[in-house]
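Asker: return atomic coordinates for the entry below.
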Amino acid sequence: MKKRLAIIALGAALAPAAQAQSCLEPDQLLALDTRYETALQIGDVTLLDELLAPEFVWVHNLASMKENKAQLLARLGKGPGPMKQRRSHDISRHRLGNTAVLQGLSSVEKWNPGGESFRTLRYQFMRTYVEMNGVCRLLAVQTQKVWSSEGL
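Answerer: Below is the predicted model of the structure:
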């Protein structure tokens, strides 16, 4: 009985330390999400292939397009497109167990034809990350355009 209690006590003592190392902790998750945004901007399919869960799905603006992992990687493999910059801001994090959802805004600057000027688009996003065996994977993304320098 004493041995069993000692094992339970040890497990309880180690649980907070193990959780502190989680890739879902705020700083680690925001850093991972920044890597995701950068990978989208530059078309880094190698990083995205590693980061995205096999079951990944992205529901775009008004469900105008839905992409799975293979479709997104194929699209970005053709080139990242006329993107100048993209960044996330006003982010909040919601966590339950091994799942975290980031919610915020993503501002995307795209070059206009000719490359001398650009337009800005702003999207509301939700990104769902799941930790499995100590590794975070992006499972789902939903985006909704909320503003554009061209108008909605």
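Asker: dihedrals phi and psi, Cys23?
Answerer: Note on Cys23: its backbone torsions stand at phi -70, psi -10 [degrees, to the nearest 10].
Asker: so where does the nearest residue to it once chain neighbours are set aside fall, helix or strand?
Answerer: In space, not counting the residues next to it along the chain, Cys23 is nearest to Cys136; the distance is 3.8 Å by C-beta to C-beta, 6 or more residues apart in numbering. To be clear about C-beta, it is placed using only N, CA and C from the backbone, and glycine gets the same treatment. Counting by DSSP states H and E, the element that carries Cys136 is strand 135-148.
Asker: what separates that strand from the chain centre, distance-wise?
Answerer: A distance of 6 Å separates the C-alpha centroid of strand 135-148 from that of its chain, computed with C-alpha atoms, centre = their mean, to the nearest Å.
Asker: quick one: the strands in the chain?
Answerer: In chain order, the chain shows strands spanning 52-59, 66-68, 83-96, 99-111, 118-132, 135-148, with DSSP state E as the criterion.
Asker: gap between the spatially closest residue to Arg119 that is not a sequence neighbour and Gln71?
Answerer: Of all residues not flanking Arg119 in the chain, Ser149 sits nearest, at 4.8 Å (C-beta to C-beta, 6+ apart). For Ser149, the distance to Gln71 under the criterion C-beta to C-beta, to the nearest Å works out to 28 Å.
Asker: equivalent analysis for Asn61, please.
Answerer: Between Asn61 and Gln71 the distance is 16 Å, computed by C-beta to C-beta.
Asker: ok so, going back, dump the strands of the chain to a markdown table, plus mean pLDDT.
Answerer: Compiled in a markdown table, the strands of the chain are given as follows (pLDDT from 0 to 100):
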| stretch | mean pLDDT |
| --- | --- |
| strand 52-59 | 98 |
| strand 66-68 | 97 |
| strand 83-96 | 95 |
| strand 99-111 | 96 |
| strand 118-132 | 96 |
| strand 135-148 | 97 |
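Asker: got a markdown table for those, with mean neighbour count and distance to Gln41 too?
Answerer: Compiled in a markdown table, the strands of the chain are given as follows (neighbours: other C-beta atoms under 10 Å; distance: least, C-beta to C-beta, whole Å):
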| stretch | mean neighbour count | distance to Gln41 |
| --- | --- | --- |
| strand 52-59 | 17 | 15 |
| strand 66-68 | 14 | 17 |
| strand 83-96 | 13 | 5 |
| strand 99-111 | 17 | 8 |
| strand 118-132 | 17 | 13 |
| strand 135-148 | 17 | 15 |
